[in-house]
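Q: No letters, just coordinates:
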């Protein structure tokens, strides 16, 4: 006899100690099951749950991803590990009664083992019922014009000039697929291109049309009847000849089997602690979520290896508050994105969180929905609640707004709902003027608001990183360093460990393996670097070394010499400082270099000297479309090239800019030399007034760091 979805949920509640007699949980479960059963989606949940249960027996599975965290059913079925009532998540963000397409549960699996999930599906449901999802790449404006330009032998300079003035629109704009046509017909460069090469008009037929097909990186397609009854299969790749949109239109079941490297790092950490992969998921599900030592990892600024905390924007924001609960992590990662940062929401939330600014709302009825974020609209769930409960919009309109937020559609799309919203507010006793202000805030903040369910899921992964780093720093560092190939980032993590009194040895000819290894030296736990770091020793040599060690056999003379004289790129924790002491002897540098970590806007009111290597060299032009758009469509003449740079020393990284006026004098040599992270420079210039960066006025090449 087939077990029902309700019965599985009841069993899950007992496992999780959820009291389904609690009115809140009982009502939520009834509502979710009613929608699922009414839509005929129960089988989908059976399939996903079965897949997750299999995976958790052999690997680490993430707490959730996307909107599925808002489902109590998913939580009770052990598809997610997020209690939606605890975090105030909405089932309707995931699934509602007006939704016609199947639910979309995205699952994160260990990146090293997710292929086993595909294998399981084939064995469980049969190869002729399973395939990888296809994907179709469309001609975007740039690719269409470049492709046409090459085919028609149009000078590259004319193509680039036209692209500099390219009109760009959001996907919700009614002319989103006519960007190239409008660029050709309305811009000076486009009109000249059309006059000189009339045949270029063919691009109007390319934009938005398929360019080529391939296999989707994560999509898994399942069918009850043989797959070939519904779609063709590409025999070269095994992928179905349909993409996500086709899949939705055909009503086929699609599951995203996503690989997350952070989960693989967690698995390796636990292995080093003696916890096998079959127990890894339970380890994290049982962690307390209020561990202050975990929060203090972020408060101390020890961001290396912490999921979602290695970006500059989130670090700057996080340093302005003291984190003492999981909701701070969830919120700050949702706000540290271009929209909230540029729109001022992130700064306003920080001020309100610190008690510097009052947490005000436009109307008292909003308090219920935005009090947790101090009156700031941060999450899509908040917008859904406001438009549904304050303005009485239908679920159909609410879902349309939800999609608009998810796909970051433009103002034109949002505008169609304004009158309905204001009228709905009026019916609930909110005057039209106030309703209009609320709508403007939704259009402004809500258009880039974040999916809270996803933010909670990835906030938990961030917290797990902090917990392991706080309580098992050596093991977590070893696993993270194994996954990190960037030498600069490896050194950053090793410096962090050094501040905690944890040392490392870049190489030990008797201990080093093919992984970073925790070991004990003089009674202290330290890290030992892997054989893979040694210059001149490749994979074959490593196999020989490990085999000889295992069977107690001698190494060849040449391999022994390589080990004895072994050098790595992390022999020195402070390579830039060491190289500068050596290279400065060649140059007459009177200025004392300022550590990059000390550079802050407004701190220095005079030119400073900084020494380091450029990690990123980004040539730019003032007439790039995005910059033209910011100037209201005005195209600049004369000198327009400038250079963005990011310089690192042994303390931090900082943004630098060479202006259009200094480009020819200073930038060209840097671009031509290249050698990112190798060529050392002394830079002099003033700190930008309201931004953490330097306006470069003088550049001196000192030499290469590894000379």
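A: Yep, that arrived. It should be emphasised that the depicted structure is a prediction, and the values quoted were computed from it without experimental measurement. Residues are numbered from 1 along each chain as shown.
Q: make it CA atoms for all contacts and neighbour counts henceforth
A: Will do.
Q: Is there a neighbour count for residue 565? I'd like the number.
A: Per other C-alpha atoms under 10 Å, the neighbour tally for residue 565 reads 11.
Q: ok, now how distant is the closest residue in space to residue 336 that isn't next to it in sequence from residue 329?
A: Leaving aside its sequence neighbours, residue 336 sits nearest to residue 314 (C-alpha to C-alpha, 6 or more residues apart in numbering; 5.0 Å). Residue 314 sits at a distance of 10 Å from residue 329 (criterion: C-alpha to C-alpha, to the nearest Å).
Q: between those two, who's got more neighbours?
A: residue 329 (23 against 20).
Q: which non-adjacent residue is nearest the more buried one?
A: Going by C-alpha to C-alpha, 6+ apart, residue 329 has residue 459 as its nearest residue, at 5.9 Å.
Q: now the one you found, what's its secondary structure?
A: Of the three states, residue 459 takes helix under DSSP: H, G, I helix; E, B strand; the rest coil.
Q: Quick one: residues contacting it.
A: Taking C-alpha atoms under 8 Å, 6 or more residues apart in numbering as the contact definition, residue 459 lies against 326, 329, 330, 333.
Q: got the buried residues for the helix or strand containing residue 540?
A: Per DSSP states H and E, residue 540 falls inside helix 539-550. Residues of helix 539-550 classed as buried by neighbour count (16 or more other C-alpha atoms under 10 Å): 541, 542, 545, 546.
Q: what's in contact with stretch 39-55?
A: Stretch 39-55 is contacted from outside by 5, 36, 61, 74, 77-79, 97, 100, 102-103, 105, 109, 116-117, 120-121, 253, 255, using C-alpha under 8 Å, 6+ apart.
Q: unless I'm mixing things up, residue 592 is touching residue 584, no?
A: No: using C-alpha atoms under 8 Å, residue 592 is not in contact with residue 584, being 11.2 Å away.
Q: of those two, who's got more company?
A: Neighbours per residue (other C-alpha under 10 Å) separate residue 592 from residue 584, with residue 584 holding more: 14 against 10.
Q: Do a quick rundown of the strands in this structure.
A: 106-110, 130-138, 210-222, 253-260, 504-505, 517-521, 524-528, 608-621, 641-648, 653-658, 679-685, 693-695, 698-704 (DSSP state E).
Q: who wins for proximity to residue 321 among those strands?
A: Closest approach to residue 321 among these (C-alpha to C-alpha): strand 653-658, 21.2 Å.
Q: contacting residues around the closest one?
A: Residues beyond strand 653-658 that count as contacts (C-alpha under 8 Å, 6+ apart) turn out to be 596-597, 599, 642-648, 666-667, 692-697.
Q: Return the members of those residues classed as buried.
A: 596, 599, 642-648, 666-667, 693-697.
Q: any idea which of the buried residues of helix 539-550 is the one closest to residue 89?
A: The closest of the buried residues of helix 539-550 to residue 89 turns out to be residue 542 (C-alpha to C-alpha; 50.0 Å).
Q: Compute the distance between the residue nearest to that closest one when sequence neighbours are not counted and residue 517, please.
A: Counting by C-alpha to C-alpha, 6+ apart, the nearest residue to residue 542 once its immediate chain neighbours are dropped is residue 531, at 6.6 Å. Residue 531 sits 11 Å away from residue 517, going by C-alpha to C-alpha.
Q: For the residue positioned nearest the centre of the chain, list the residues it contacts.
A: Centroid check for the chain by C-alpha atoms, centre = their mean gives residue 308 as the closest residue, at 6.9 Å. When contacts are counted by C-alpha under 8 Å, 6+ apart, residue 308 touches 314, 333, 458, 462.
Q: my guess is the second one contacts residue 314, does it?
A: Yes: between residue 333 and residue 314 there is a contact at 6.5 Å, judged by C-alpha under 8 Å.
Q: Quick check: pLDDT value at residue 643.
A: Residue 643 is assigned a predicted lDDT (pLDDT) of 93.
Q: likewise residue 547?
A: Reported pLDDT at residue 547 in the predicted model: 90.
Q: Spatially nearest residue to it, not counting backbone neighbours?
A: Nearest to residue 547 is residue 553, by C-alpha to C-alpha, 6+ apart, at 8.0 Å.
Q: now residue 611
A: residue 682 is the one closest to residue 611 (C-alpha to C-alpha, 6+ apart), at 4.5 Å.
Q: ditto for residue 71
A: Nearest residue to residue 71, sequence neighbours excluded (C-alpha to C-alpha, 6+ apart): residue 91, at 5.0 Å.
Q: Please tell me how far the one you found sits from residue 40.
A: From residue 91 across to residue 40, the span is 17 Å (C-alpha to C-alpha).
Q: Who has more neighbours out of these two?
A: The neighbour count for residue 91 versus residue 40, taken as other C-alpha under 10 Å, is higher for residue 91 (23 against 11).
Q: where's that one relative to residue 74, distance?
A: Applying C-alpha to C-alpha to residue 91 and residue 74 gives a distance of 10 Å.
Q: Need the residues touching each of those two.
A: With C-alpha under 8 Å, 6+ apart, residue 91 and residue 74 have common neighbours residue 68.
Q: that older thread, which of the buried residues of helix 539-550 sits closest to residue 16?
A: Nearest to residue 16 out of the buried residues of helix 539-550 is residue 546 (C-alpha to C-alpha; 45.1 Å).
Q: Same list, the strands of the chain, but as JSON lines with distance to residue 373 please.
A: What follows is these, written out as JSON lines (distance: least, C-alpha to C-alpha, whole Å):
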{"stretch": "strand 106-110", "distance to residue 373": "26"}
{"stretch": "strand 130-138", "distance to residue 373": "38"}
{"stretch": "strand 210-222", "distance to residue 373": "34"}
{"stretch": "strand 253-260", "distance to residue 373": "29"}
{"stretch": "strand 504-505", "distance to residue 373": "42"}
{"stretch": "strand 517-521", "distance to residue 373": "42"}
{"stretch": "strand 524-528", "distance to residue 373": "41"}
{"stretch": "strand 608-621", "distance to residue 373": "35"}
{"stretch": "strand 641-648", "distance to residue 373": "33"}
{"stretch": "strand 653-658", "distance to residue 373": "31"}
{"stretch": "strand 679-685", "distance to residue 373": "40"}
{"stretch": "strand 693-695", "distance to residue 373": "30"}
{"stretch": "strand 698-704", "distance to residue 373": "45"}
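Q: any idea how far residue 357 is from residue 85?
A: Distance from residue 357 to residue 85, counting by C-alpha to C-alpha: 29 Å.
Q: likewise residue 464?
A: Distance of residue 464 to residue 85, given as C-alpha to C-alpha: 21 Å.
Q: higher neighbour count, those two?
A: More crowded of residue 464 and residue 85, by other C-alpha under 10 Å: residue 464, with 23 against 15.
Q: Quick check: the more buried one touching residue 284?
A: Yes: counting by C-alpha under 8 Å, residue 284 is a contact partner of residue 464 at 7.1 Å.
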